[in-house]
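[1] Sequence plus the predicted model coming up.
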Amino acid sequence: MKIAIVGYGKMGHMIEASAKNFGHEVVATVDVIAKDAKYLVAKGDYEAVAKAVKESGAEGIIEFSHPSSVMGNINALIPLGLPLVIGTTGWNDKKEEVSALCKKNNCAAMTSANFSIGVNMLYKIIDEACRVVSQFSEYDTSVFEAHHNQKADSPSGTALDIAKHVLDNFPRKTKIVTDAFHSKPNPEELHVASMRLGAVPGTHTVFFDSTADTIEITHRARSREGFANGAVHALERLFEGVQSGKLTKDRLYGMSDLF
């Protein structure tokens, strides 16, 4: 497959290496800062981003830029009609808008807060753990995440996804709280706490706590390689699904749709 990478920072470089390792051709790398990108565009010039991708002859796109530019990139790239994997987080409140844009432009796009295969297994483990633990009223639960000090959004998209899995399977919790508490929390509030530190690539923990004991379920990313590999695999499956007719070209898909 001929792949265009929009966003050529650390993750963009790792995605390029992963794509080549899997036998794909990277025909475009697009960025506003990285001088080694094939296409260096002005910040906010989303038409130039789309033009670069179109001229490259790409058959699929992986977008891994920055929360401040992701919606501009999405709005420019979806009209191209190419399979699009969106790795940038921080736009959860725009998913309905993006879904409508996919439908309007007959484009298959795919998003996930975390492309790591291990994290997606974690979601399933959390689902089952919550169903078991929630049967016992003495247990409370919360979510914690830690990332490197260069991460632009907080809490992480993965932490919010984990919180949604908890809410779906732990009936006593009905509300996510990401701010600091200035009084004791209400029983229905699920606290999602964040920390930014050094070069931590990503740690997510779900706590189940009672007066008798604590249970912790933790995923620690060893490096960003898993995210890069997962993003490339996601584009492969999205592209193959569209080509075979198993997936329609007018939808915004999630990781569970492809794996």
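    Yep, it's here.

[2] Domain parsing of this protein, as residue ranges.
    2-115+224-258, 117-220 (automatic domain parsing).

[3] most tightly surrounded among those?
    Counting by mean count of other C-beta atoms under 10 Å, domain 2-115+224-258 has the highest mean neighbour count of the domains of the chain, with a mean of 19. Quick note: C-beta positions are derived from backbone N, CA and C, even for glycine.

[4] rewinding a little: save the domains of the chain as TSV, and put in mean pLDDT too.
    Below are those laid out as TSV (pLDDT from 0 to 100):
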stretch	mean pLDDT
domain 2-115+224-258	95
domain 117-220	95
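
[5] contacts for the host helix or strand of Met71?
    If you go by DSSP states H and E, Met71 is part of helix 70-77. Helix 70-77 is contacted from outside by 6-7, 44, 46-47, 49-50, 53, 61, 63, 65, 84, 86, 88, 90-91, 94, 98, 101, 109, using C-beta atoms under 8 Å, 6 or more residues apart in numbering.

[6] Please apply the same query to stretch 34-47.
    Counting by C-beta under 8 Å, 6+ apart, 8-9, 12, 28-32, 48-49, 52, 56, 69, 72-73, 75-76 sit against stretch 34-47.

[7] from the chain's centre, how far out does it sit?
    On the basis of C-alpha atoms, centre = their mean, to the nearest Å, stretch 34-47 sits 22 Å off its chain's mean C-alpha point.

[8] so how far is the first residue of that stretch from its last?
    Stretch 34-47 has an end-to-end distance of 18 Å (C-alpha to C-alpha, to the nearest Å).

[9] cool, and stretch 27-47?
    Across stretch 27-47, the terminal residues are separated by 18 Å (C-alpha to C-alpha).

[10] Now do the residue most central in space within the chain against Asp31, distance only.
    Residue closest to the average C-alpha location in the chain (C-alpha atoms, centre = their mean): Ala113, at 2.2 Å. Distance, Ala113 to Asp31, by C-beta to C-beta, to the nearest Å: 22 Å.

[11] got a list of what Leu167 touches?
    Counted by C-beta under 8 Å, 6+ apart, Leu167 has contacts 173-174, 176, 190.

[12] Am I right that it falls within a helix?
    Yes - Leu167: assigned to a helix according to DSSP: H, G, I helix; E, B strand; the rest coil.

[13] if I look at it, how far off is Lys54?
    41 Å.

[14] Name the residues that touch stretch 251-259?
    Contacts of stretch 251-259 (C-beta under 8 Å, 6+ apart): 95, 98-99, 102-103, 108-112, 115, 117, 120, 234, 237-238, 241, 247.

[15] Sitting in strands, which of those do you find?
    Among the contacts of stretch 251-259, the ones falling in strands (DSSP state E) are 109-111.

[16] what are the ranges of the helices in the stretch 151-259 of the chain?
    For the stretch 151-259 of the chain, the helices defined by DSSP state H, counting those that start in this stretch occupy 157-169, 225-244, 255-258.

[17] Relative to Lys20, which of these is closest?
    Across the helices of the stretch 151-259 of the chain, Lys20 has its closest neighbour in helix 225-244 (9.6 Å, C-beta to C-beta).
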